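1. Pasting the sequence and the predicted model now:
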Amino acid sequence: MVETLQESAWDEAVVVVGDVRIAVARNGATLAEQNGHASAAHGAAPAAVPAGAPAPAAAQALAAAPVPAPAAAPAHPAGAPAAPSAGPATQEGHVITSPSVGVFWRSPEPGAAPFAEVGDHVEVGDTLCIIEIMKLMSNVSSDVAGVVTAVHLDNAAGVEHGTPLFTIQPDA
């Protein structure tokens, strides 16, 4: 697991096993799950790890390595498609929200062009971004045709279910 994380382009990792939570960051990244919230699919939130508490040997080894991958609890079972959860239409446009907890990716791979930029025209079904849930990549598609008027997050941002991702001004 550590090798896989080291070879990725991510700047943070959060691992939760039972009531133990290990979170690490590099390159000045702020941990996306600092508040210790777990997915509602798992019921309880993990216990907070006190600052300065001695870490087990495995956690120390993980923290010593430049570990760059977030791991969030899945909100959907492993093979289930994650349909986008669209917010209500507003004066500014139609808001597309995150279908689950995970990490927001604007492009299919590091260095590639984003799926959608402000000013782009999208059709129903066009991929807007990817939400990564424990190495499972779920495409978030547009459920309206129109022009992207806002991208609400930076690449690699941690998201919760319902986090606004894009605003689209629907075609007239």
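-> Received, thanks.
2. contacts and neighbour counts: CA atoms only from here.
-> Will do.
3. buried residues in stretch 141-155?
-> 141, 142, 143, 144, 145, 146, 147, 148, 149, 150, 151, 153 (16 or more other Cα atoms under 10 Å).
4. so which of these comes closest to residue 101?
-> For those, the residue nearest residue 101 by Cα to Cα is residue 153; the value is 14.0 Å.
5. farthest-separated two in the buried residues of stretch 141-155?
-> Across the buried residues of stretch 141-155 (Cα to Cα), the longest gap, 20.6 Å, separates 145 and 153.
6. so where's the chain shaky on pLDDT?
-> 1-13, 23-91 (pLDDT under 70).
7. any chance you could map the helices in it?
-> Counting by DSSP state H, one finds helices in the chain at the ranges 2-7, 57-64.
8. returning to that earlier point: could you dump the buried residues of stretch 141-155 into CSV with distance to residue 123 added?
-> As requested, those are exported to CSV (distance: Cα to Cα, whole Å):
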residue, distance to residue 123
141, 9
142, 7
143, 8
144, 6
145, 4
146, 7
147, 9
148, 10
149, 14
150, 16
151, 16
153, 21
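9. Tell me the one of the residues you listed nearest residue 103?
-> Among the buried residues of stretch 141-155, and counting by Cα to Cα, the member closest to residue 103 is residue 153, at 10.4 Å.
10. quick one: contacts for that closest one?
-> Residues near residue 153 by Cα atoms under 8 Å, 6 or more residues apart in numbering: 104, 165.
11. if I look at it, how far off is residue 22?
-> Separation of residue 153 from residue 22 (Cα to Cα, to the nearest Å): 24 Å.
12. For stretch 92-102, buried residues please.
-> By neighbour count on 16+ other Cα under 10 Å, the buried set for stretch 92-102 is 93, 94, 95, 96, 97, 98, 99, 100, 101, 102.
13. That'll do, ta.
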